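*Asks:* Dropping a prediction and its sequence here:
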Amino acid sequence: MKNNSLFSILILIVLVAGVYFIVQTVREASQAAAEPFQQVNEANRALQTQVANLLNPTPTIIPDPVTYINEIRALARLETIQYSVEKVISGQTGGGTFEALFGDKILFVGHGKVIAGIDMDKLRPEHLRYENGVLTVNLPPAEIFIATLDNEKSYVYDRETGLLTKPDPNLETLVRQKAEQEILKAALEDGILEQAQVNAEAYLLKFFAALGFPNTIFVSDQG
């Protein structure tokens, strides 16, 4: 009886092994048969992608690797004063007898700023001398760094154009240029450069003292 049971188990194992072998063989055969079709499908997809790229090309943006630098300046500017100036400027074209017909008048309010100071880049070792505990500094003269209109605050207050003419496109430009010149002129007449020099010396006096030179005098005879 035991022998029959053992024999039955052996037959069952053999049958299961046979079925597993057959299933694996069929699966491998199916994969091998389908592989050529997969390769064809992949080739078709690649071809479709190439055709799509050809018909609908994706833009390629390539930045120019060359950087054009118009101007490079090495500055060591000590800005010591800033003026805010307002000037009212008027200008006109086509005046005279027929002004009402061909004239063009503009009233412009210009707000500007003027910045002055010392360009420390002009200071050389030979401009400093230390003797008997006194540091003598030959400072460069003060100069104007910026004199420009503030476009956000400047505006055309009034403009009158003749009946038979159009506004002169250059008139406002000329008036703005004149306003900028007048703003600079007003700052110079008010002594901005002299005050810039005084402020620079006051600042540098503290600066050199912090460096260990409590006795400093300034001269301004640079050529």
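*Replies:* Thanks, I have it.
*Asks:* phi, psi of Lys105?
*Replies:* phi -120, psi 140 (degrees, to the nearest 10).
*Asks:* Am I right that Pro141 is in contact with Glu194?
*Replies:* No: shown here, Pro141 and Glu194 do not form a contact pair, counting by CB atoms under 8 Å, at 10.2 Å. Any C-beta I mention is one placed from the backbone N, CA and C, and that applies to glycine too.
*Asks:* So which elements touch the helix or strand harbouring Leu107?
*Replies:* Per DSSP states H and E, Leu107 falls inside strand 104-119. Using 3 or more CB pairs under 8 Å, 6 or more residues apart in numbering; DSSP states H and E, the elements in contact with strand 104-119 are strand 77-93, strand 143-149, strand 155-161, helix 171-189, helix 192-210.
*Asks:* Please produce CSV containing the ones you listed, extended by mean neighbour count.
*Replies:* CSV is the format used below for the helices and strands packed on strand 104-119 (neighbours: other CB atoms under 10 Å):
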stretch, mean neighbour count
strand 77-93, 17
strand 143-149, 16
strand 155-161, 12
helix 171-189, 17
helix 192-210, 17
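*Asks:* quick revisit: and the angle from the strand holding Leu107 to helix 171-189?
*Replies:* Using axes from the mean of the first three to the mean of the last three CA atoms, to 10 degrees, the direction of strand 104-119 lies 40 degrees away from that of helix 171-189.
*Asks:* any idea of the mean pLDDT in stretch 139-156?
*Replies:* Averaging pLDDT along stretch 139-156 yields 92.
*Asks:* Let me have the helices and strands packed on strand 104-119 in JSON lines, extended by distance to Gly117.
*Replies:* Listed next are the helices and strands packed on strand 104-119 as JSON lines, based on distance: least, CB to CB, whole Å:
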{"stretch": "strand 77-93", "distance to Gly117": "4"}
{"stretch": "strand 143-149", "distance to Gly117": "6"}
{"stretch": "strand 155-161", "distance to Gly117": "29"}
{"stretch": "helix 171-189", "distance to Gly117": "13"}
{"stretch": "helix 192-210", "distance to Gly117": "5"}
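*Asks:* Lowest average pLDDT across those?
*Replies:* Mean pLDDT across the helices and strands packed on strand 104-119 is lowest at strand 155-161; the value there is a mean of 84.
*Asks:* and that one, which strands flank it?
*Replies:* strand 104-119 (antiparallel) (DSSP bridges).
*Asks:* list the contacts for the closest residue to Ile144 other than its chain neighbours?
*Replies:* Excluding the flanking residues, the one nearest Ile144 by CB to CB, 6 or more residues apart in numbering is Ala116, at 5.2 Å. Neighbouring residues of Ala116 by CB atoms under 8 Å, 6 or more residues apart in numbering: 79-83, 142-145, 187, 192-193, 195-196.
*Asks:* do that again at 7 Å, thanks
*Replies:* Residues near Ala116 by CB atoms under 7 Å, 6 or more residues apart in numbering: 80-81, 142-145, 192-193, 196.
*Asks:* thinking again about what came up before, next structured bit after the strand holding Leu107?
*Replies:* For strand 104-119, the succeeding helix or strand toward the C-terminus, using DSSP H and E, is strand 128-131.
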